[in-house]
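> A structural model of the following input is requested.
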Amino acid sequence: MKAARLHKYNEPLRIEQVPDPVITDSSDVIVKIGGAGVCHTDLHLIEGVWAETLGTELPYIIGHENAGWVHAVGSAVTNFKVGDPVIVHPVMSCGKCLNCRAGEDMHCPNLKFPGLTVDGGYAEYLKTSERALIPLPNDVNPADVAPFADAGITAYRAVRRAAPLAKPGTKVLMIGMGGLGHIGVQVMRELGNSDIIAFDRNKDRLNMALDLGAVHAVEANDRAVSQVLSLTAEQGADIIIDFVGTDQTHAESLQMLRKGGTYFVVGYGGTVKVPSLNLINNEISIVGSLVGNYNDLYQLMELHARGKVILHSAKYALDEANDILKLLHDGKINGRAVLVP
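Sure, this is the predicted structure:
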């Protein structure tokens, strides 16, 4: 099959022919990829940011936002048959540990993460497990929903956790209106009652956020912090959800957070620095949020089926993977890019 593989950090992916994945466990499922979302984490993987943490042997196929059609099933698979359209939860979890039994697949100590720890979906076929699959309606093109498998549930999980705090009269600041942020705005519109302030460098992305439910839009520049404080009666936002996670967004978020407020960190790469005195004196909460579990993806797909959450995306050929990653690196992707093999 054709695949885009990472052979060496900080070098372009190689588009090449590799052996098809095969069934090795009775619960395995081979999915014919309909679309694979292009994520900032893919850039971080190529840059080697995850190399020490994951220890994945090179070369391997990246791509963790996948949807397609069931191509082959193991002998114990009972809920899916060849040809079924599916979206793929990003991890293959064991289903037996306490974390899995609690529904938190992302905390499974035995998980495999296609695209990060084993071969992923920048390819024609992907191996996953029956436990990771969610069926799609027959009239849904998997390429149209693939980014929900990671960008979608990452935004959904953070907003779901923030929503109980998003009471009428409160304000939530959402930083980064790209692939995750534009989904997060819609989910907050559906699950919460806060006024939404969208925050981004790009005016087109801010306009999209206003169309999707944000009440205010603030362009990220040297006046942004004062603008947010002005919009919140100089008190700061009750909730901040940071989909970017740089040193700058961390520092500015702590300036824009209300006393007693909660700062959800979703994007990563920077370092949160806050003196303990400020932490207790302002009684702020800082919460990390990691991707999402199976139920998060199921609930998000239900919202999508009801027309409550749409995905702004564009499709490209798998052969264009390196060009699209460059566009993403340069901030020129509005919404989400999807590779179609």
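> any idea which element the residue nearest to Asn66 when sequence neighbours are not counted lies in?
Nearest residue to Asn66, sequence neighbours excluded (Cβ to Cβ, 6 or more residues apart in numbering): Gly121, at 3.6 Å. (Glycine included, C-beta is placed from N, CA and C.) Of the helices and strands defined by DSSP states H and E, none includes Gly121.
> Check whether Gly121 really touches Ile61, as I assumed.
Yes. Using Cβ atoms under 8 Å, Gly121 is in contact with Ile61, at 7.4 Å.
> If you count surrounding residues, which of the two has more?
Gly121 (33 against 23; other Cβ atoms under 10 Å).
> Phi first, then psi, for that one.
Note on Gly121: its backbone torsions stand at phi -100, psi 10 [degrees, to the nearest 10].
> could you list every residue that touches it?
For Gly121, the contact set (Cβ atoms under 8 Å, 6 or more residues apart in numbering) comprises 31, 33, 36, 61, 63-66, 68, 88, 114-115, 146.
> Now for those residues, which sits with the most neighbours around it?
Counting neighbours by other Cβ under 10 Å, Ala36 comes out on top of the contacts of Gly121 with 35 neighbours.
> Quickly find the element holding it.
For Ala36, the enclosing helix or strand under DSSP H and E is strand 28-38.
> which neighbours do Gly121 and Ile61 share?
Both Gly121 and Ile61 are in contact with Gly115, where contact means Cβ under 8 Å, 6+ apart.
> gap between Arg101 and Ser26?
Going from Arg101 to Ser26 by Cβ to Cβ, to the nearest Å gives 20 Å.
> How about Leu229?
For Leu229, the distance to Ser26 - Cβ to Cβ - is 58 Å.
> Please identify which of those two sits among more neighbours.
In terms of neighbours (other Cβ under 10 Å), Leu229 is the more surrounded of Leu229 and Ser26; the figures are 16 against 12.
> Confirm that Glu320 lies within a strand, as I assumed.
No. Glu320: not assigned to a strand; according to DSSP: H, G, I helix; E, B strand; the rest coil it is helix.
> does the residue nearest to it when sequence neighbours are not counted count as helix, strand or coil?
Of all residues not flanking Glu320 in the chain, Leu339 sits nearest, at 7.3 Å (Cβ to Cβ, 6+ apart). For Leu339, the assignment made with three-state DSSP gives strand.
> My reading is that His71 lies in a helix. Confirm?
No. Read with three-state DSSP, His71 is strand and lies in no helix.
> Next, count neighbours for it.
19.
> who touches it in this structure?
Ile30, Val31, Lys32, Val82, Tyr125.
> now the strands for the stretch 101-250 of the chain?
125-129, 133-135, 171-175, 195-200, 216-219, 237-242 (DSSP state E, counting those that start in this stretch).
> Of the ones you listed, which is nearest Met301?
Met301 lies closest, by Cβ to Cβ, to one member of those: strand 133-135, at 6.1 Å.
> in this protein, which spans are helices?
With helices called from DSSP state H, the chain shows them at 40-47, 51-54, 98-101, 142-145, 151-162, 181-191, 203-212, 224-231, 247-256, 276-281, 294-305, 321-329.
> Of all these, which one is nearest Glu130?
With distances scored as Cβ to Cβ, the stretch of the helices of the chain nearest to Glu130 is helix 294-305 (11.7 Å).
> and this structure, what are its domains?
Following the TED database, one gets these domains for the chain: 2-150+291-339, 154-288.
> coming back round to it: I'd like to know which of the contacts of His71 are buried.
Ile30, Val31, Lys32, Tyr125 (16 or more other Cβ atoms under 10 Å).
> List just the nearest of those to Leu290.
In terms of Cβ to Cβ, no member of the buried ones among the contacts of His71 lies closer to Leu290 than Val31, at 23.3 Å.
> The strands of the stretch 101-250 of the chain into JSON lines, with extra columns for mean pLDDT?
Shown next, in JSON lines, are the strands of the stretch 101-250 of the chain (pLDDT from 0 to 100):
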{"stretch": "strand 125-129", "mean pLDDT": "98"}
{"stretch": "strand 133-135", "mean pLDDT": "96"}
{"stretch": "strand 171-175", "mean pLDDT": "98"}
{"stretch": "strand 195-200", "mean pLDDT": "98"}
{"stretch": "strand 216-219", "mean pLDDT": "98"}
{"stretch": "strand 237-242", "mean pLDDT": "98"}
